[in-house]
Each structure stands twice: as C-alpha cells, then as structure tokens.
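Visitor: what shape does this take:
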Amino acid sequence: MESFAKDTDGFFARHFDRKISGAISRQLLKTPVTPNQITVFVTGLGLGAGWLMSQPGYTPKVEGAFLFLLTSILDGCDGEIARAKKMTSKLGGWLDLWGDNVVHVAVFYGLGIGLFRDTGSEVYLTLGKFAVFGTIVSASLASYQTYLKARVPSPQPSPDMHVGRGRSEATGEGQSLFTSVIGDASRVHYSSWRLRLTSLADALARRDFIYGVVFLAILGHLEWFLWPCAIGANVYACVLVVLFFSTR
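Guide: Take a look at the predicted model:
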C-alpha cells in the first residue's frame, strides 16, 4: 500500500498517514467494503470533528482535532482500496473531492463557532466564514477542472507531471483525470511562473497542517491556526483562479 503514495504528499502524509492507512486498507481488502462507502464514512467522521470543534471548552476541541487527524489518515483508504480492487470511478472521484472539502468546511467553521463561544469575539465567526469561502471557491474550481478534463481524451502523463491526491486522479477507464490541484499540470509545463504557481498550489494543498491543528489544540491556542487558515484558504483560491484563467 505504501506504493500508492503521491508525489504531492507531505512529509507526515508520506511517512505516517500512508503507512497507517495502508495497514488498514490491507485488512479492508479482505472485506466487501467499497471505496465509496469508506468515503461516506470518513466524511461523517469529519462532520463529527467539526461539531466537536464548535463546542465550548478545551476538551471538545482536542477531541475534534484528533478526530480531524483520523479522517485525514483514513481518507487515504478509499483511494488505496479503489486502485487495489480496480474500482476507480468518476463518481468516486467526485465523492472524494467534495467529501474532503465538506470536512474542511465543517472543521473551519466549527472552529470559528467554538472560539466565539469561548471568547465572545465575533472575529472568529468572521474568520471561519472566510476560511469556508476560500475552501468552497477552491473546491468548485477543482470540480469544474475535473469536469472539463473528463470531457476530453486524457493525454498520456509525462514523467514530470504532478499527480493529484485521493481518487480524483483517475477515471473509470484508468486515465488521468486530475494530475494536479489545478487539473492538468502539463498545460503549465512551458511557463516557469505558472509551474511555480502550480507547485505552490500543490504545496498548500498538503495535509500536514492537520498535525499543527492537533499541536495547537493541545496547547489551547487554536486561534493561532484559524487566522492563517482564513488567509491561506483565500490565497490558495486566488492562486487557483489565476492558474485556471492562465491555462484555459
């Protein structure tokens, strides 16, 4: 299962998440569980993490942070199972893409509510809304890119093309559907500034930040995460918008 690691995986995702999810996936391969069922289950866990984050007090937020980390680890299982059982599909890709972002919306806004309940400061509600806005814009753009890519025959990937995260990189026919967070990295290959932006976008999409969420939750300073999250989500969205219009 470790062979399913992606080029865009961060350090923790590659050396910790993939090893754990791979061990779990090996056991799940012995069962009739489908990749889509795993996606729905993990999305439900993520909604639970968002609910815990929205509760006042220290303990629920720590529990929510650890549950958020668990969803990140288990999120690799659906793609690993899909590739091992040759069950990749367009529906699976859509579920994976939107499931991930539903979890992020729930956690980011839930955290804003939870910090508001702790402090009474409405700035945290505003930050939560900004983080949600950036997340939805990014997810919508990625979804639209996936739709466009599915409408045309996919070229054979070149060795220097980035690969995407999760199951949204393959169609039912096994062709590349999502080679990067912007859809098709080959389209920016001949422009150095676009390639740098693509690399930046891929770096921002990595999930290693979730370990920081757990660390800050233990410290009792999740507000230190929400501020850069609200800003970073919108910076990420802006990068995707620029890449989208420059590669059309």
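Visitor: how close does the residue of the chain most remote from its centre sit to P56?
Guide: Relative to the C-alpha centroid of the chain, counting by CA atoms, centre = their mean, G120 is the outermost residue, at 30.1 Å. Separation of G120 from P56 (CB to CB, to the nearest Å): 10 Å. Just so you know, the C-beta spots here come from the backbone N, C-alpha and C atoms, and that holds for glycine as well.
Visitor: grab the most central residue of the chain for me.
Guide: Centre-most residue of the chain, counting by CA atoms, centre = their mean: D100, 5.0 Å.
Visitor: what about the helix or strand containing that residue, distance to the chain center?
Guide: Secondary structure assignment for D100, by DSSP states H and E: helix 90-119. Centroid separation for helix 90-119 versus its chain: 10 Å, with CA atoms, centre = their mean, to the nearest Å.
Visitor: and the next helix or strand past it?
Guide: In N-to-C order, the element after helix 90-119 by DSSP H and E is helix 123-151.
Visitor: for that next one, buried residues please.
Guide: Neighbour-count burial for helix 123-151, counted by 16 or more other CB atoms under 10 Å, picks out 124, 127-128, 130-139, 141-143, 145-146, 149-150.
Visitor: between helix 90-119 and that helix, find me the angle.
Guide: Orientation check (axes from the mean of the first three to the mean of the last three CA atoms, to 10 degrees): helix 123-151 against helix 90-119 gives 170 degrees.
Visitor: which ones are touching the closest residue in space to F244 that isn't next to it in sequence?
Guide: Among residues not flanking F244 along the chain, L141 sits closest, at 5.8 Å (CB to CB, 6 or more residues apart in numbering). Listed by CB atoms under 8 Å, 6 or more residues apart in numbering, the contact partners of L141 are 237, 240-241, 244.
Visitor: helices or strands next to the helix or strand containing S72 in the packing?
Guide: Per DSSP H and E: S72 is located in helix 58-84. Packing contacts for helix 58-84, counted by 3 or more CB pairs under 8 Å, 6 or more residues apart in numbering; DSSP states H and E, involve helix 18-28, helix 35-53, helix 90-119, helix 209-219.
Visitor: helix, strand, or coil at V33?
Guide: Secondary structure state of V33, per DSSP: H, G, I helix; E, B strand; the rest coil, is coil.
Visitor: neighbours around it, how many?
Guide: 17 (other CB atoms under 10 Å).
Visitor: likewise for C238?
Guide: Neighbours around C238, by other CB under 10 Å: 13.
Visitor: neighbours around the residue lying closest to V214 once chain neighbours are set aside, how many?
Guide: Distances taken as CB to CB, 6+ apart place A65 nearest to V214, at 4.6 Å, with adjacent residues excluded. Neighbours of A65 under the rule other CB under 10 Å: 26.
Visitor: same check on K30?
Guide: 7.
Visitor: phi, psi of E122?
Guide: phi -70, psi -10 (degrees, to the nearest 10).
Visitor: contact partners for it?
Guide: With CB under 8 Å, 6+ apart, E122 has these contacts: F116.
Visitor: related to what we said a few turns ago, okay, buried residues for the helix holding D100 please.
Guide: Buried residues in helix 90-119 (16+ other CB under 10 Å): 90, 92-116, 118.
Visitor: okay, now the unreliable bits of this structure?
Guide: 1-15, 150-191, 193-206, 247-248 (pLDDT under 70).
Visitor: hmm, 90 instead?
Guide: Counting by pLDDT under 90, the chain contains low-confidence residues at 1-23, 25, 75-76, 78-80, 82-97, 141-209, 211, 232, 235-236, 239-248.
Visitor: around T59, how many other residues sit close by?
Guide: Counted with other CB under 10 Å, residues neighbouring T59 total 10.
Visitor: all numbers from here: first residue = 647
Guide: In the new count, where the first residue is 647, that last one comes out as T705.
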